[in-house]
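S.K.: Build the 3D model from these lines:
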Amino acid sequence: MDAEAPKKPITRDVWVAIGLSLVAALAFYFSTNPTLHDLDYTLEIASALLRGDLGLREKPPEWLNEMIPYGHRYYSAFPLGAVISMVPVALLQKASLIHNFPARILGALIAGACVYFFFQLAKAFGPDYSSLKPKPLVRRILLALFPLFATWTWCNLGMGGAWQIALGLALLGETAALYFTLVRPSPFIAGAFFALAVGNRTELLITAPFYLYLFWRRSNENAAAQSRTTRIKQGLRVNAPMVIDFLTLSVALVLLTAAYNFARFHSIFDFGYFHIPEVRDEPWYEHGLFSLYSIPWNVHKMLFQGFSDDPNFPFLSFDPFGCSILLSSPFLFLLFRNGGKYRVMCWIAIGLLTFILWCHGNPGGWQFSYRYAMILLPWIFLLLTGNGPPTITVTEISLFAVSVAINATATWLFLWTDKIQP
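M.R.: Got it, this is the predicted structure:
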C-alpha cells in the first residue's frame, strides 16, 4: 500500500491572513450595532422552506412591511439565492441553538472572510505584491481592510438587515470567486462562490464573462508557444469543461429561481418587488423598477451628494438616504492613477454594474453613502492593488486613515446614536 502523501503545511502567509481576518471580524463585531436586525425577511422565508412552504401562512409582524400578500401566503421579494443562503441559519434556529436573526455575528463573519480573501487576492499581482517584508505586507493589510473599514460597507453591513446581509454575501462571493480564479484556479469552487454572489445580487450575472475570460486567458498563456490554430483548438477542448464547471451551479440556481418565481407569481421573471404593498405608488418607480429616468438621481447620490455641517461633535452629519462614495472614501481617488494589470476589464465591469445600479428607481433608501456600490469593491480592489507600487506610500496611508475616520464616524452616528433621522 502506498504511503499517504504528506499534507502541505499551512504557510506563514496563510497564518497572517487568518490572523488578520479574525482581528477584522472581532473589530467589526464590537464596532457595529445591527439596528435593522428585526428585518429578517430571508431568514423567515428560509424557515418556511424547511417547513415545505414558499411563503408564510400567517400574517408577519408589522415591521416586516415588505412581505407580499399574494394568494394565501406572504412572500418575499428577495431572490431564491438570498433565501438559500439563510438555510443554515434557519437550521440552527430550528434546532433551538439560536432564537433571533444573528445579524451581528453574520456581519462579522462576512467581514472576516472578505478580509481573508482580499489579503490573499494580492498574490494575483506577483511575488512583489505578496511579499511578507514590512512595507509590502503593510500595503497588503491596508488594501485588505480597505473595502470593509474604509468604505460605506462598514456602516451598511453593520445595520444587519436582510438587504445589507445580502449585499455582504454578494461581496464575499465575488471576492472569493476572484481568488479561486486568479490565485488558486478552481473553476468549480470559483463558480460556487459566484453563485453565492449572483444568488444575493442577481445583476452580478453579467460579470460571468469576466471570470471565464480570466480562466481562458490563463490556459492560453500556458499554451503560448504553440501555433495560433493549435492554441484555438486546444483552448476549445481544454476550456469547455472549465466553462461547465464554473457555470453549473449558477445555471442551476437561475433555473430554480425561475421555477420559484413561477410557483409564487406565475411568471419566471417576476421577483415580486412590484407586489409589495404601495411600492407601485412610490414616485421614483413611476417609469418602472429600472429606467433611464432614474440615472440623474442615482448619479447625484453616488457621486455628488455632500455632507452637512453640525455645530456639535463630530461637527459633520450625513444625509440618511445617501451621499458621494468619493467623499465617504477619499481612498477611491487613487483609482485614477495610471497602470494596473487588469484595469481594462475592471473598468468595464465597474461601468456595466454601475449603469444597472443607476437605472434602479431608488438609490438605496436608508443608508450611508451608496450601499449598492458594495458590489463594485472587488473590481475596485483589483484596480487599486495593480495601479500602485507593491510597497506602501505616504499618500495611501493618509487617504486610508481619512477614509477610516469618515466611515467610523458614520458607523457611530448611524448605529450607536439617534443623531441621524429621516
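
S.K.: Give me the below-cutoff pLDDT ranges for the stretch 301-422 of the chain.
M.R.: In the prediction, the stretch 301-422 of the chain carries no residues with pLDDT under 70.

S.K.: Please repeat the previous calculation with a cut-off of 80.
M.R.: For the stretch 301-422 of the chain, residues meeting the criterion pLDDT under 80 lie at 422.

S.K.: those helices in it, which residues are they?
M.R.: 325-328, 343-359, 377-386, 394-416 (DSSP state H, counting those that start in this stretch).

S.K.: Ok, which of those comes nearest residue 306?
M.R.: Proximity to residue 306, assessed across the helices of the stretch 301-422 of the chain by C-beta to C-beta, is greatest for helix 325-328 (6.5 Å). Every C-beta, even on glycine, is put in place using the N, C-alpha and C of the backbone.

S.K.: what helices or strands is the closest one leaning on?
M.R.: helix 394-416 (3 or more C-beta pairs under 8 Å, 6 or more residues apart in numbering; DSSP states H and E).

S.K.: Would you mind putting the CA coordinates of the helix it packs on into CSV?
M.R.: Extracted as CSV, the C-alpha positions of helix 394-416 are listed here (Å, rounded to 0.1, in the frame of the first residue of the first chain):
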residue,chain,number,x,y,z
VAL,A,394,2.6,58.1,2.5
THR,A,395,-0.3,59.1,0.2
GLU,A,396,-2.0,55.7,0.6
ILE,A,397,-1.6,55.7,4.3
SER,A,398,-3.0,59.3,4.6
LEU,A,399,-6.1,58.6,2.4
PHE,A,400,-6.7,55.3,4.1
ALA,A,401,-6.6,57.0,7.5
VAL,A,402,-9.0,59.7,6.5
SER,A,403,-11.4,57.1,4.9
VAL,A,404,-11.4,55.0,8.0
ALA,A,405,-12.1,58.1,10.2
ILE,A,406,-15.1,59.1,8.0
ASN,A,407,-16.6,55.7,8.0
ALA,A,408,-16.0,55.2,11.7
THR,A,409,-17.9,58.4,12.3
ALA,A,410,-20.7,57.3,10.1
THR,A,411,-20.9,53.9,11.8
TRP,A,412,-21.1,55.6,15.2
LEU,A,413,-23.7,58.2,14.1
PHE,A,414,-26.0,55.7,12.3
LEU,A,415,-25.6,52.6,14.6
TRP,A,416,-24.9,54.0,18.1
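
S.K.: Could you shift the numbering so residue one becomes 30, and keep it that way?
M.R.: In the new count, where the first residue is 30, that last one comes out as helix 423-445.

S.K.: got the angle between it and helix 406-415?
M.R.: Counting by axes from the mean of the first three to the mean of the last three C-alpha atoms, to 10 degrees, helix 423-445 lies at 160 degrees to helix 406-415.

S.K.: Name the single longest helix found in this protein.
M.R.: In the chain, assigned by DSSP state H, the helix with the most residues is helix 257-294.

S.K.: one step back: out of the helices of the stretch 330-451 of the chain, nearest to residue 135?
M.R.: Going by C-beta to C-beta, the one of the helices of the stretch 330-451 of the chain nearest residue 135 is helix 423-445, 15.2 Å.

S.K.: re the thing from before, measure how far the longest helix of the chain is from the centre of its chain, please.
M.R.: 22 Å (C-alpha atoms, centre = their mean, to the nearest Å).

S.K.: can you check stretch 96-107 too?
M.R.: With C-alpha atoms, centre = their mean, you get 26 Å for stretch 96-107.

S.K.: Alpha carbons of it, in CSV - could you do that?
M.R.: Presented in CSV, the C-alpha positions along stretch 96-107 are these (Å, rounded to 0.1, in the frame of the first residue of the first chain):
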residue,chain,number,x,y,z
MET,A,96,-43.7,40.9,2.8
ILE,A,97,-46.0,40.4,-0.2
PRO,A,98,-49.6,39.2,0.4
TYR,A,99,-50.4,37.0,-2.6
GLY,A,100,-53.0,34.3,-2.7
HIS,A,101,-52.9,32.5,0.7
ARG,A,102,-49.3,33.2,1.5
TYR,A,103,-46.9,36.1,2.4
TYR,A,104,-43.8,36.1,0.1
SER,A,105,-40.5,38.0,0.0
ALA,A,106,-39.1,39.9,-3.0
PHE,A,107,-35.6,38.6,-2.2
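
S.K.: Give the rounded mean pLDDT of it.
M.R.: For stretch 96-107, mean pLDDT is 94.

S.K.: Sort out which residues of that stretch are buried, please.
M.R.: Across stretch 96-107, burial judged by 16 or more other C-beta atoms under 10 Å covers 96-97, 102-107.

S.K.: go on, stretch 276-296?
M.R.: Quick answer for stretch 276-296 (16+ other C-beta under 10 Å): 276, 278-279, 282-283, 286, 289-290, 293-294.

S.K.: again, but for stretch 46-53
M.R.: Neighbour-count burial for stretch 46-53 [16+ other C-beta under 10 Å]: 46, 49-50, 53.

S.K.: with those residues in mind, which one is nearest to residue 207?
M.R.: residue 46 (15.0 Å).

S.K.: Just give the closest residue to that closest one, not the sequence neighbours.
M.R.: residue 148 (4.6 Å; C-beta to C-beta, 6 or more residues apart in numbering).

S.K.: My guess is that neighbour contacts residue 51. True?
M.R.: No: if you go by C-beta atoms under 8 Å, residue 148 and residue 51 don't touch, sitting 11.9 Å apart.

S.K.: Now do the same contact list for residue 55.
M.R.: For residue 55, the contacting residues are residue 137, by C-beta atoms under 8 Å, 6 or more residues apart in numbering.
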